[in-house]
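Asks: structure for the following, please:
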Amino acid sequence: QVQLVESGGGLVQAGGSLRLSCVASGRTFSSAVMGWFRQAPGKGREFVATINRSGSNTYYADSVKGRFTISRDNTKNTVYLQMNSLKPEDTAVYYCAANQGSVIITVWARDYDDWGQGTQVTVSS
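Replies: Prediction:
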């Protein structure tokens with residue numbers, strides 16, 4: 001099991017940027033596919049981005065493609081989500097998640113084994 005702790009959320013104006021970080025405990029981080037999801041009030045959890053174990057392959061939801069970038073540093077057990085050109089509709093709690101032992105990136109929340117507690121991102125208009 002991996003424990004995940006997100007940080008970097010906050011309040012930002014539309015058009016601004018934020019960088020989220022997610023630090024993983026344990027020695028299995030480099031063997032996990034990592035993902036970012038978000039959940040807005042009254043809505044279900046939504047896929048945002050995913051990255052494979054080496055960081056060589058990424059995939060994004062259409063709603064964030066071209067604005068968000070996922071990356072990872074396996075030496076620091078950390079995955080990042082750089083968010084640019086933020087919009088009010090990006091307002092949500094953002095969660096990172098780990099899919100242990102997988103070699104294939106996935107957009108499905110049910111495929112992820114471990115989840116962080118979430119960090120709030122609020123974008124004002």
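Asks: tell me which residue lies nearest the centroid of this structure.
Replies: residue 36 (2.3 Å; C-alpha atoms, centre = their mean).
Asks: so what's the backbone phi/psi at that one?
Replies: Dihedral angles of residue 36 (phi, psi; degrees, to the nearest 10) stand at phi -120, psi 140.
Asks: contacting residues for it?
Replies: Residues near residue 36 by C-beta atoms under 8 Å, 6 or more residues apart in numbering: 20, 22, 48-50, 70, 79, 81, 94-97. Any C-beta I mention is one placed from the backbone N, CA and C, and that applies to glycine too.
Asks: now go through the residues you listed and say which are in strands.
Replies: 20, 22, 48-50, 70, 79, 81, 94-97 (DSSP state E).
Asks: that older thread, give me the nearest residue to the residue nearest to the centre of the chain, chain neighbours excluded.
Replies: residue 48 (4.3 Å; C-beta to C-beta, 6 or more residues apart in numbering).
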